[in-house]
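Chemist: Sequence first, then the predicted structure, then my questions.
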Amino acid sequence: MIQYLVRRTLQSVPLLLIISVLLFAILQLQPEHPWDLLLHRPNLTPAARDHILRYYGFDKPVPYQYLLWIWNLVHLDFGTSYFSHQSTLDLVGQRLPNTVILMGTAYSLTLVLAIPIGIIAAVKQYSKFDNAVTTFAFVGYSLPNFWFGLMLIIALAVFPYEHFGFKIFPTSGMSSEFGPTGYSLIWTQPVDLAWHLVLPSLVLAVQFIAAYSRFIRGAMLEVLNQDYIRTARAKGLGERTVIIRHAFRNALLPLITLMGLDIPRLFVGALITEQVFAWPGMGRLFWESAQRLDYQVLMGILILLALFVVVGNLIADLAYGWADPRIQYR
Amino acid sequence: MISQGLEESEKQTGAAPVEQGGGADDLGQDRGYYRLAFARLRRHRLAVASFFVLVFIGLASLVGPWLLPGSMDAPNLYQRFQGPGFPHLMGTDELGRDILYRILTGGRVSIAVGLLATVVTLCAGVSIGVLSGYFGGWIDMLLMRLTDAVLSVPSIFVLILIATGFGAKPQVLILAIGLTLWPDSARIIRSVVLSVREKDFVEAARSVGSGHLRIIISHILPNSLGPIVVAATLSIGSAILAESTLSYLGLGIGPPISSWGSTLFHAQEFIWQAPYYALFPGTMILVTVLCINFIGDGLRDAFDPRSFER
């Protein structure tokens, strides 16, 4: 087991290297550079210009810059913003909790709704409910979620405000007061936070509920045809026990893999949702940094995301082994 | 209607495999695999209906702007934010331009970008999938690590990076979307090639001395066409969604050209004055992508239903 962990960790190193080379190349090939913005000031003497370039290391050859970046990364230095001079980890540390709150709520909502929907759809295959779930799944796949967000804002904020003078749900931010963010909101103003969470988490969750209910339905259908389900029924077990204890437990296995693989999609959804609802999370941090070509922060965030994905896949594999004792790690 | 069509497709999934296809119905045994697949597709009512809706949207975008008076696209500040009605069926925007006209011209952009990005995706996905599946070994190992690497970075982040850095030009967007979407199709195609590679006719071709290139072009590719077509169809939908997302974020092809996504980018600003403004462009994206996905589903059922289930 420990051997397996070590091997997987070592295997992910070349993966992260490929990712970092690709991203670095994309950034370096761009026609605009961060120093364009840094040098964009009046009365800049050539000496000061050289000083700025040297200070940020832009005068060095690109391969050297890359190696320096890797060297810093190995020392857990994810870079420093050119503009705010804060370290990437500090910046991410301020924003990540907000994204985690949003993603956690949306993902819990997904599991709570999609699992029963998927199970019922599978048990009652080809029923009206099942067809409705299938249709909903297709719409969910095809729905531009930012537009869904806009429609929710119109339906639940714009119209009520025009006709009755109040919004049913707030449309931006995570608090009614200006400023406070982070985990502390969960204890200091849980109701207000929940109220602000409704629309964004619904937007983020809807495509996942669509995908997951369909996925669970498929996994359940596969399991329900197995011999051991017939055996369980033949033993005289109640249908409830058969479905939940015998069928669902086995259908859970592919779900665990899916959960591990879906982390990138969750971040994509979060970025868009944060943009629609002005949610002060990682996605917006990335967006703001991209506007300023703040390479260090951009690279830092992307490599962190890639790390999350790699670790997520690893955890999914380990969880798979925990849920299915037949699997052994070697 | 929708549920009926879906039900039918579901039942077809459980039907006899393609090799023995026909049998009970009018599909003759001597017909080719692709004619059989086409016949199966035609019975997928939802896919057929979706196809006609798509043809309608495509034609309307192509021809519509010529049929409507050009003055509708001219700014007219006396007619800002008129609600849906006559003559502006979908209302007017912040400059007094007809939204229907904007949507029709926007459809050209959205669909064109979706199609062209899919061409890029297919070129990358097919070559990587085929090389990886056919040669195996270290080539496979290398290409699949590359695929994993691209999959590990959430696509929209890379798209934002490219679109802000290289500017929102059509060619940049098409390449960027194409080059972030290929891993899915590469993986599907690789898995199909892996099984086709082991077939007897490939062995036979090799035994008469055919080179790798010849085997790939005249044996592997024609026999993996089904999954390639499905992957292509589904990636058109993903590409249209990706383009509209980028445009919504303000990184799409700039004014005066607009796509459905960039119309939404502007509509969002005026969501309090003109709520109807945001309604129609998004509906167009949803309907178009939904139809594409239905067709993709129909195609997946029509070609061998079991070999490449998502």
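Modeler: Looks like it came in fine. Being a predicted model, the structure only gives us computed values, none of them experimental. Residues are numbered from 1 along each chain as shown, chains lettered A, B, ... in the order given.
Chemist: quick one: low-confidence ranges for the chain?
Modeler: Chain wasn't specified; assuming chain A. Within chain A, the stretches with pLDDT under 70 are A:178-180, A:330.
Chemist: ah, no, chain B please
Modeler: Low-confidence regions of chain B, defined here as pLDDT under 70, cover residues B:1-32, B:70-72, B:81, B:88, B:96, B:304-310.
Chemist: Could you pick out the longest helix of it?
Modeler: Taking residue count as the measure and DSSP state H as the definition, the longest helix of chain B comes out as helix B:99-135.
Chemist: Help me confirm that B:M90 is found in a helix?
Modeler: No: the assignment for B:M90 (DSSP: H, G, I helix; E, B strand; the rest coil) gives coil, which keeps it out of a helix.
Chemist: buried residues in the strand or helix carrying A:A270?
Modeler: Of the helices and strands defined by DSSP states H and E, A:A270 is found in helix A:263-276. Judged by neighbour count using 16 or more other Cβ atoms under 10 Å in any protein chain shown, the buried positions of helix A:263-276 are A:263-264, A:266-276. For glycine as for every other residue, the C-beta is placed from the backbone atoms N, C-alpha and C.
Chemist: For it, enumerate the helices and strands it packs against.
Modeler: Secondary-structure packing of helix A:263-276 (3 or more Cβ pairs under 8 Å, 6 or more residues apart in numbering or on different chains; DSSP states H and E): helix A:88-123, helix A:145-153, helix A:190-224, helix A:282-291, helix A:295-323, helix B:155-166.
Chemist: which element follows the longest one toward the C-terminus?
Modeler: Using DSSP H and E, the helix or strand that follows helix A:88-123 in sequence is helix A:128-142.
Chemist: Next, the angle helix A:190-224 makes with that following helix.
Modeler: In this structure, helix A:128-142 runs at an angle of 120 degrees to helix A:190-224, with axes from the mean of the first three to the mean of the last three Cα atoms, to 10 degrees as the basis.
Chemist: show me the contacts for the closest residue to chain A within the stretch 101-250 of chain B.
Modeler: Among all residues of the stretch 101-250 of chain B, B:G165 sits closest to chain A, at 3.3 Å; criterion: Cβ to the nearest Cβ. For B:G165, the contacting residues are A:I26, A:L27, A:Q30, A:P31, A:E32, A:L293, by Cβ atoms under 8 Å, 6 or more residues apart in numbering or on different chains.
Chemist: Check A:E274 too.
Modeler: Each residue near A:E274 by Cβ under 8 Å, 6+ apart is listed here: A:T99, A:L102, A:P200, A:P280, A:G281, A:M282, A:G283, A:R284.
Chemist: okay if I get these as CSV plus neighbour count and distance to B:W138?
Modeler: Conversion of the contacts of A:E274 to CSV gives the following (neighbours: other Cβ atoms under 10 Å in any protein chain shown; distance: Cβ to Cβ, whole Å):
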residue, neighbour count, distance to B:W138
A:T99, 23, 38
A:L102, 27, 42
A:P200, 29, 45
A:P280, 21, 46
A:G281, 27, 41
A:M282, 27, 37
A:G283, 27, 37
A:R284, 18, 42
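Chemist: Report the two of those separated the most.
Modeler: For the contacts of A:E274, with distances taken as Cβ to Cβ, the pair at the greatest spread is A:P200 and A:M282 (13.6 Å).
Chemist: Grab the nearest non-local neighbour of A:L285.
Modeler: Of all residues not flanking A:L285 in the chain, A:R95 sits nearest, at 4.6 Å (Cβ to Cβ, 6 or more residues apart in numbering or on different chains).
Chemist: residues in contact with that neighbour?
Modeler: Neighbour list for A:R95: A:P280, A:G281, A:M282, A:R284, A:L285 [criterion: Cβ under 8 Å, 6+ apart].
Chemist: Got the phi and psi for the first one?
Modeler: Geometry field for A:P280 lists phi and psi as phi -80, psi 70, criterion degrees, to the nearest 10.
Chemist: List the contacts of it.
Modeler: A:R95, A:N98, A:G173, A:M174, A:T181, A:E274.
Chemist: how much space between the last one and A:T99?
Modeler: To tie it back to what came earlier, the one meant is A:E274. Remark: distance between A:E274 and A:T99 (Cβ to Cβ, to the nearest Å) = 7 Å.
Chemist: who touches both of these two?
Modeler: The contact sets of A:E274 and A:T99 overlap at A:G281, A:M282, A:G283 (Cβ under 8 Å, 6+ apart).
Chemist: how much does the helix holding A:A270 deviate in direction from helix A:190-224?
Modeler: Taking the same axes, to 10 degrees, one finds helix A:263-276 and helix A:190-224 inclined to each other by 150 degrees.
Chemist: just the CA coordinates of helix A:263-276, formatted as CSV?
Modeler: Extracted in CSV, the C-alpha atoms of helix A:263-276 (Å, rounded to 0.1, in the frame of the first residue of the first chain):
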residue,chain,number,x,y,z
ILE,A,263,-12.4,17.7,-9.9
PRO,A,264,-11.2,19.7,-13.0
ARG,A,265,-14.8,20.0,-14.2
LEU,A,266,-15.8,21.3,-10.7
PHE,A,267,-13.2,24.0,-10.9
VAL,A,268,-14.3,25.0,-14.4
GLY,A,269,-17.9,25.3,-13.3
ALA,A,270,-16.8,27.2,-10.2
LEU,A,271,-14.8,29.7,-12.3
ILE,A,272,-17.9,30.5,-14.5
THR,A,273,-20.3,30.6,-11.5
GLU,A,274,-18.0,32.9,-9.6
GLN,A,275,-17.9,35.2,-12.6
VAL,A,276,-21.7,35.3,-12.9
